[in-house]
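1. my questions are about this predicted structure, shown below with the sequence.
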Amino acid sequence: MRKTILLLGTMCLAATAVGSSVNASSERAGFRLSAVVNTVCRLELPGASTGGNGQVIDFGSFYQLCNSRNGYRVVMRHPANLEGATLFWDGRAVPLSSGNETVIADENHAASKYSDVRLDVRGVDVPISSLSFRIDPKGSVY
């Protein structure tokens, strides 16, 4: 794909140069180039660690990258009925839903950033293996 775009650009540049040297005084040459870029959303997670008392799971700093112009959502999947557990996303408290998923970030624009994440489980027995995260683009996906 990259070679095709470069070849197309080189051919257009050559055609513009030839056309403009022949009729440089009377005409202007130009072209319009457009491309469709695939939607890319990626969430990178470091390893999680638990505090000494087992009350807090520190996930570290998540890296979020999503080029969707309409934004994206970061969702945490977890066991149902974790009442009392709270996720902290960049210091903002996000109570977990009674279902199996909780939206923990909802952005209305593309972004590339880091967010500090920890989970206060308040004595609820939550195996780390039962937790997962995903990033979903909003709007059209190319």
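-> Right, received. Where do you want to start? Numbers count the residues shown, from 1 in each chain.
2. for the rest of this, base every contact and every neighbour count on C-alpha atoms.
-> Fine.
3. how about the strands in the protein?
-> Ranges of strands in the chain, per DSSP state E, are 41-44, 49-50, 56-66, 72-77, 86-89, 92-95, 101-107, 111-120, 132-137.
4. by mean pLDDT, show me the worst of the ones you listed.
-> Per-stretch mean pLDDT for the strands of the chain is lowest at strand 49-50 (a mean of 68).
5. related to what we said a few turns ago, distance to Glu27 and mean neighbour count added to the strands of the chain, as JSON lines?
-> Converted to JSON lines, the strands of the chain look like this (distance: least, CA to CA, whole Å; neighbours: other CA atoms under 10 Å):
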{"stretch": "strand 41-44", "distance to Glu27": "44", "mean neighbour count": "16"}
{"stretch": "strand 49-50", "distance to Glu27": "67", "mean neighbour count": "14"}
{"stretch": "strand 56-66", "distance to Glu27": "43", "mean neighbour count": "19"}
{"stretch": "strand 72-77", "distance to Glu27": "46", "mean neighbour count": "19"}
{"stretch": "strand 86-89", "distance to Glu27": "58", "mean neighbour count": "19"}
{"stretch": "strand 92-95", "distance to Glu27": "60", "mean neighbour count": "15"}
{"stretch": "strand 101-107", "distance to Glu27": "47", "mean neighbour count": "16"}
{"stretch": "strand 111-120", "distance to Glu27": "42", "mean neighbour count": "16"}
{"stretch": "strand 132-137", "distance to Glu27": "45", "mean neighbour count": "18"}
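6. would JSON lines of those with distance to Leu33 be doable?
-> Shown next, in JSON lines, are those (distance: least, CA to CA, whole Å):
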{"stretch": "strand 41-44", "distance to Leu33": "25"}
{"stretch": "strand 49-50", "distance to Leu33": "49"}
{"stretch": "strand 56-66", "distance to Leu33": "24"}
{"stretch": "strand 72-77", "distance to Leu33": "28"}
{"stretch": "strand 86-89", "distance to Leu33": "41"}
{"stretch": "strand 92-95", "distance to Leu33": "43"}
{"stretch": "strand 101-107", "distance to Leu33": "30"}
{"stretch": "strand 111-120", "distance to Leu33": "25"}
{"stretch": "strand 132-137", "distance to Leu33": "26"}
